[in-house]
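Asker: please find the sequence and the predicted model below.
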Amino acid sequence: MAKMRKKGDLPRKNCLRCGLPFTWRKKWERDWDEVRYCSERCKRGGPAGGGAGGDQPGG
């Protein structure tokens with residue numbers, strides 16, 4: 001059985017889309033090296049360049 005880790009000791013990455021840091025999750029255990037986005041929403045949005053509503057009308 002694997003040794004338990006404290007939450008503060010988990011690996012971290014920055015999301016390529018929004019730039020926010022996110023930490024390792026159990027569901028990413030097998031493919032952590034390939035994880036690039038913090039959420040499905042960021043993943044669907046594509047690579048960086050989004051941010052605060054750039055081309056949305058009205059505002």
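Answerer: That came in fine, so what should we check first?

Asker: so how far is residue 27 from the residue positioned nearest the centre of the chain?
Answerer: In the chain, the residue lying closest to the centroid (Cα atoms, centre = their mean) is residue 38, at 1.8 Å. Using Cβ to Cβ, to the nearest Å, we find residue 38 at a distance of 13 Å from residue 27. Placement of C-beta: from N, CA and C, glycine included.

Asker: ok, residue 17 - how many residues close by?
Answerer: Residue 17 is flanked by 21 other residues according to other Cβ atoms under 10 Å.

Asker: from residue 4, how far off is the closest residue to it other than its chain neighbours?
Answerer: The shortest distance from residue 17 to any non-neighbouring residue, by Cβ to Cβ, 6 or more residues apart in numbering, is to residue 42 (3.8 Å). Note on residue 42: its distance to residue 4, by Cβ to Cβ, is 29 Å.

Asker: neighbour-wise, which of the two wins?
Answerer: residue 42 (20 against 6).

Asker: name the helix or strand for the more buried one, please.
Answerer: For residue 42, the host element (DSSP states H and E) is helix 40-45.

Asker: list the contacts of that helix.
Answerer: 15-18, 36-37 (Cβ atoms under 8 Å, 6 or more residues apart in numbering).

Asker: turn those residues into a markdown table, columns for distance to residue 8 and secondary structure.
Answerer: Formatted as a markdown table, those follow (distance: Cβ to Cβ, whole Å; DSSP: H, G, I helix; E, B strand; the rest coil):
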| residue | distance to residue 8 | secondary structure |
| --- | --- | --- |
| 15 | 19 | coil |
| 16 | 24 | coil |
| 17 | 25 | coil |
| 18 | 22 | coil |
| 36 | 23 | coil |
| 37 | 22 | coil |
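
Asker: these: which two are farthest apart?
Answerer: 18 and 36 (11.5 Å; Cβ to Cβ).

Asker: neighbour-wise, which of the two wins?
Answerer: It is residue 18, of residue 18 and residue 36, that has more neighbours when counted by other Cβ under 10 Å, with 16 against 13.

Asker: what does that one show for phi and psi?
Answerer: Backbone torsions for residue 18, taken as degrees, to the nearest 10, come to phi -100, psi -20.
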